[in-house]
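Colleague: have a look; sequence and predicted model below, questions after that.
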Amino acid sequence: MGASLSWVAVQDRSKAELLDLLGLAVSTAEAETNDSEYFGYAMPSGWYVVLSGRGDLTELPTVPGEQAVACSVEENVMVSIATGWSRGECTWRITHDSEQGIEHLETEGDLPDCFASIRDGLFAEQAQFDAERPQVDYIFDIPVQVAKALTGYDYADPEMDEEGNYTEIEEEVLVRVRDAGGKVKASQLDDLPGSKGCLLLMIAVPSATIAVGMALRSVLQLI
């Protein structure tokens, strides 16, 4: 099966804002590595990437930070999308959908400077191989390569740079700590740094939200 992934990248200083927006936190539980659907990567380029095995991070209503880039790929149907953000507003979008034709490419907004050369190079490769290898879809790579040129992140090989050199990148396992309603998930609290088994209850009232910390382990000892 082909990859079905999406990711969003922000400058490293906006990492905390991005994780908060997505309701995610860095996990300290090694056992969850194989079960997690979210991973984080601090790129040498200064970008922080959140990779998702579910959902489409190109469709977020907003993204924090001065600059952000999102990308999604559906290799089973050969659809790829890249979007760019500035101060929370989507400023450009590139879409390829092979079901609309092998050379399908839609663009919107103020495209990055690297777009034209990437587009021209991959269209040239497509034309060169169309007769011999009609099933090869080079246009699919245009959104992906634009996102890589801006952030340094390549989902197929995140540790290889533009020159083909490898740089070790630490992978962070991310866990969801808020559900769709914004409530803290108690089952995830043990994974948070410094939680030490405390149960955090969020009580919503009309005028304020009161955070009550209960030392759960101490209580259990009294029962």
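Modeller: Thanks, I have it. Numbering: from 1, shown residues only.
Colleague: quick check: bridge partners of V79?
Modeller: E74, D97 (DSSP bridges).
Colleague: biggest helix in this structure by residues?
Modeller: When the chain is parsed with DSSP state H, its longest helix is helix 115-129.
Colleague: which parts of it count as buried, going by neighbours?
Modeller: 115, 118-119, 122, 126 (16 or more other C-beta atoms under 10 Å). The way it works is simple: take the backbone N, C-alpha and C, and place the C-beta from them, glycine included.
Colleague: pick out the most distant pair among those residues.
Modeller: Maximum pairwise distance in those, criterion C-beta to C-beta, is 16.0 Å, between F115 and Q126.
Colleague: where does this structure dip in pLDDT?
Modeller: Applying pLDDT under 70 to the chain flags the ranges 1, 30-35, 130-134, 158-167, 179-223.
Colleague: where do the strands of it begin and end?
Modeller: 4-11, 24-26, 38-42, 47-52, 67-74, 79-86, 89-97, 106-109, 171-176, 199-204, 209-214 (DSSP state E).
Colleague: for those, which one sits closest to V136?
Modeller: Nearest of the strands of the chain (C-beta to C-beta): strand 89-97, 13.5 Å.
Colleague: can you list contacts of that closest one?
Modeller: With contacts defined as C-beta atoms under 8 Å, 6 or more residues apart in numbering, strand 89-97 is touched by 58, 62, 77-85, 104-112, 115, 139-140, 142-143, 146.
Colleague: stretch 142-154 now?
Modeller: For stretch 142-154, using C-beta under 8 Å, 6+ apart, the contacting residues are 7, 9, 41, 43-45, 47, 49, 69-71, 73, 80-82, 84, 94-96, 105, 112, 114-115, 118-119, 122, 155, 160-162.
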